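Chemist: Task: produce atomic coordinates for the following.
(one chain, ligands or ions: 1)
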Amino acid sequence: MSVKENLAMIQENIENTCARIGRNPAEVQIIAVTKYVSIERAKEALQAGITHLGENRDDGFLRKYEAIGNEATWHFIGTLQSRKVKNIIHHVDYIHSLDRLSLAKEIEKRANKVVKCFVQVNVSGEQSKHGIAPEDVLPFIEQLAQFSRIQIIGLMTMAPYTDDEATIRRCFRTLRELKEKVQSLHMAHAPCRELSMGMSNDYVIAIEEGATFIRLGTSLVGHDN
Ligand SMILES: *Cc1c(COP(=O)(O)O)cnc(C)c1O
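Modeler: As a prediction, the model looks like this:
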């Protein structure tokens, strides 16, 4: 399937979901996750009208960035090692995986402008998942006030890998409640209005629970090999 055909189907799902629950579909930003596909396929996504691209490794990010440049808005969505920050920091618009103070320090040191960041939360508590525990989110964000180049625009999570809709929904709902708590504190460095949640298999549930950025790989651009 072409990206254009996939996108049409996804947009219809987004519109139907939003109509059902009374949300404005314009609040839901699609990020095309291109980590599984070629530069050509990423360019096809741009041609289909996608403007936001996401990658999860620094080398993959740089390969796509070098080919595409500032035509796209760039999201770094994967675990970020501190020593890799300098490679991507001047090209990235959003970082979705801020999960520790040492990483915040490195971003602060390397960036030359304010970087929009999501704090990644491990809502489900699965060992395999990165992110900080829900109870640590607020103290962590309070500590970030010292950094002038980090703005916490929201929270990000990955739902557990399961078919059980109730489990997925509970995860997204917990993230939303946590986001609302942080947002209500009106911290200058942490407006925390956004929710980065929902992937190919669970984005409809994520939208129902308030997602403002959904990260779509397989269902949108596909998966090579
Ligand atoms: C790969 C990845 C995605 C996209 O996954 P799909 O299931 O292919 O849509 C979204 N978010 C993160 C953090 C990822 O690593």
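
Chemist: What are the buried residues along stretch 11-29?
Modeler: Applying a neighbour-count criterion of 16 or more other C-beta atoms under 10 Å, the buried positions in stretch 11-29 are Ile14, Thr17, Cys18, Arg23, Val28, Gln29. Using the backbone N, CA and C atoms, a C-beta is placed for each residue, glycine as well.

Chemist: Which single residue of the protein ends up nearest the ligand?
Modeler: Nearest residue of the chain to the ligand (C-beta to the nearest ligand atom) works out as Gly217 at 2.7 Å.

Chemist: And for that residue, the neighbour number?
Modeler: Gly217 is surrounded by 20 other residues when neighbours are defined as other C-beta atoms under 10 Å.

Chemist: Report the beta-bridge partners for the nearest residue to it once chain neighbours are set aside.
Modeler: Setting aside the residues directly before and after it, Gly217 is nearest to Val33 in space (C-beta to C-beta, 6 or more residues apart in numbering), at 3.6 Å. With DSSP bridges as the criterion, Val33 is bridged to Gly54.

Chemist: Quick one: residues contacting Val33.
Modeler: Under the criterion of C-beta atoms under 8 Å, 6 or more residues apart in numbering, the neighbours of Val33 are Leu53, Gly54, Glu55, Asn56, Ile77, Met199, Arg215, Leu216, Gly217, Leu220, Val221.

Chemist: Output the set of residues of this structure in proximity to the ligand.
Modeler: 33, 35, 56, 77-78, 158, 199-201, 215-219 (C-beta under 6 Å from any ligand atom).

Chemist: The same query, at a cut-off of 8 Å, please.
Modeler: Neighbours of the ligand within the chain, by C-beta under 8 Å from any ligand atom: 31, 33, 35-36, 54, 56, 77-78, 96-97, 156, 158, 199-201, 203, 215-220, 223.
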